[in-house]
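S.K.: sequence? don't have it. structure:
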DNA sequence: CACGAAACGGAGAGACTCTCCGTATACTGG
DNA sequence: CCAGTATACGGAGAGTCTCTCCGTTTCGTG
């Protein structure tokens, strides 16, 4: 790769991250090109589709997902607490940019998507958390990791469009979590309201 | 209203229903105008925004929602069965057109939306089903009707973008249902897999 | 330093939304 | 039945965005 090409590549990703966080993932591509000081043609050569650009932007914070999952597993917290913490992290990460939940969740399980590898990272992290709880017998049978990702993704998508009361996400997550934990693990006192 | 205006109004709604079902709710407005044999100006005068048009199209099948809810209530089925039937109806109705789940669920609770009244119909129907089950003590405490609509809407949104395995929706609904039913109502044999 | 490959950039085509306003048509009173 | 007017029509066109094409510029090597 030529030096000027590399410089432009980095500049575009940097600016895209900025613009995406200001205007959401639907921000005009031309805006990004202009603000990066390159022509539209240059941007499209580096990133043929919008998803390729998103992929590059998202890459930087994806490893935080792994760390969060590992931490939840290591904490050894009971299922309800662990899942709530993990799911809230999951939702907040994919919701970092407006339009993010829809983009990411719709690419889940589609191996041809440019952002598939990021979705895999999410799914595998989720899998680690679920497997850990399953080993301890705290999870209902027949729970599939990909479906849980979609379920949580669905909540994030809904939350992303229009402003929900802040505790609304929490309530929805509670329902899902109750649906996931094994029924022979009674609800603790504090969880009931 | 002048006779020609009325005729155009009806024609536009009829064509829009057709086009929306072919191309989804994002179909070009101009296409609808052309196929209805009117100018763009005419269409926009009748329906200033896309949502106004969607509202008119959706109106026709919204009463089927009420009927479905009433039937589920009248059947007296146990919570898990009743909810599954109701939620599957809910999902399939709002998914009739591509883009429908997102449109409808994002307008949920936003009284300024042109399709708010349709969302209210959905929410109230859902409320009837939930209230009925709550009276019979089959529902967990603290379940809010609007949040359940959003939760199911989230599943529908995810299902709407990209083709999911057909039983995937069923599995996700199962999780939500398990999270909604009261924990002192044990799972029946057939529901476990 | 010169030359070929690599990269640049912006003009412009195509798709879509939405408005504006000159023209045409339906209704009403005489 | 025939104005006259309010109402409605329609499509040209401006604005926005995406994406491509290709003439021009720049890099880096021999």
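M.R.: Looks like it came in fine. This structure is a prediction, so every number in the text was calculated from the model and none was measured.
S.K.: Summarise which helices and strands the one helix or strand residue A:122 maps to is packed against.
M.R.: Element membership of residue A:122 [criterion: DSSP states H and E] is helix A:116-135. The contact analysis (3 or more C-beta pairs under 8 Å, 6 or more residues apart in numbering or on different chains; DSSP states H and E) places helix A:116-135 against helix A:50-75, helix A:79-94, helix A:100-107, helix A:145-160. C-betas here are computed from N, CA, C, even on glycine.
S.K.: For the shortest one, name the packing helices and strands.
M.R.: In this case it means helix A:100-107. With 3+ C-beta pairs under 8 Å, 6+ apart as the test, helix A:100-107 has helix A:50-75, helix A:79-94, helix A:116-135, helix A:145-160, helix B:145-160 packed against it.
S.K.: Now tabulate those in JSON lines and tack on mean pLDDT and distance to DNA strand D.
M.R.: Below are the helices and strands packed on helix A:100-107 laid out as JSON lines (pLDDT from 0 to 100; distance: least, C-beta to the nearest atom of the strand, whole Å):
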{"stretch": "helix A:50-75", "mean pLDDT": "95", "distance to DNA strand D": "6"}
{"stretch": "helix A:79-94", "mean pLDDT": "98", "distance to DNA strand D": "21"}
{"stretch": "helix A:116-135", "mean pLDDT": "97", "distance to DNA strand D": "18"}
{"stretch": "helix A:145-160", "mean pLDDT": "98", "distance to DNA strand D": "18"}
{"stretch": "helix B:145-160", "mean pLDDT": "98", "distance to DNA strand D": "21"}
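S.K.: Format these as JSON lines; extra columns: mean neighbour count and distance to DNA strand C.
M.R.: Below are the helices and strands packed on helix A:100-107 laid out as JSON lines (neighbours: other C-beta atoms under 10 Å in any protein chain shown; distance: least, C-beta to the nearest atom of the strand, whole Å):
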{"stretch": "helix A:50-75", "mean neighbour count": "17", "distance to DNA strand C": "14"}
{"stretch": "helix A:79-94", "mean neighbour count": "21", "distance to DNA strand C": "28"}
{"stretch": "helix A:116-135", "mean neighbour count": "19", "distance to DNA strand C": "23"}
{"stretch": "helix A:145-160", "mean neighbour count": "25", "distance to DNA strand C": "21"}
{"stretch": "helix B:145-160", "mean neighbour count": "25", "distance to DNA strand C": "18"}
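S.K.: list the contacts for residue A:137?
M.R.: Contacts for residue A:137 (C-beta atoms under 8 Å, 6 or more residues apart in numbering or on different chains) come out as residue A:182.
S.K.: Touching, residue A:50 and residue A:30? I think so.
M.R.: No. Using C-beta atoms under 8 Å as the test, residue A:50 is too far from residue A:30 to be in contact (11.9 Å).
S.K.: ok, and what's touching the helix holding residue A:122?
M.R.: Residues from elsewhere that reach helix A:116-135 (C-beta under 8 Å, 6+ apart): A:55, A:58-59, A:62, A:65-66, A:68-70, A:72-73, A:79, A:82-83, A:86, A:90, A:94, A:104, A:107-110, A:113, A:139, A:143, A:145-146, A:148-149, A:152, A:181.
S.K.: which residues touch the spatially closest residue to residue A:40 that is not a sequence neighbour?
M.R.: With C-beta to C-beta, 6 or more residues apart in numbering or on different chains as the criterion, residue A:40 has its nearest non-adjacent residue at 4.9 Å, and that residue is residue A:33. By C-beta under 8 Å, 6+ apart, the residues touching residue A:33 are A:12, A:39-40, A:42-43.
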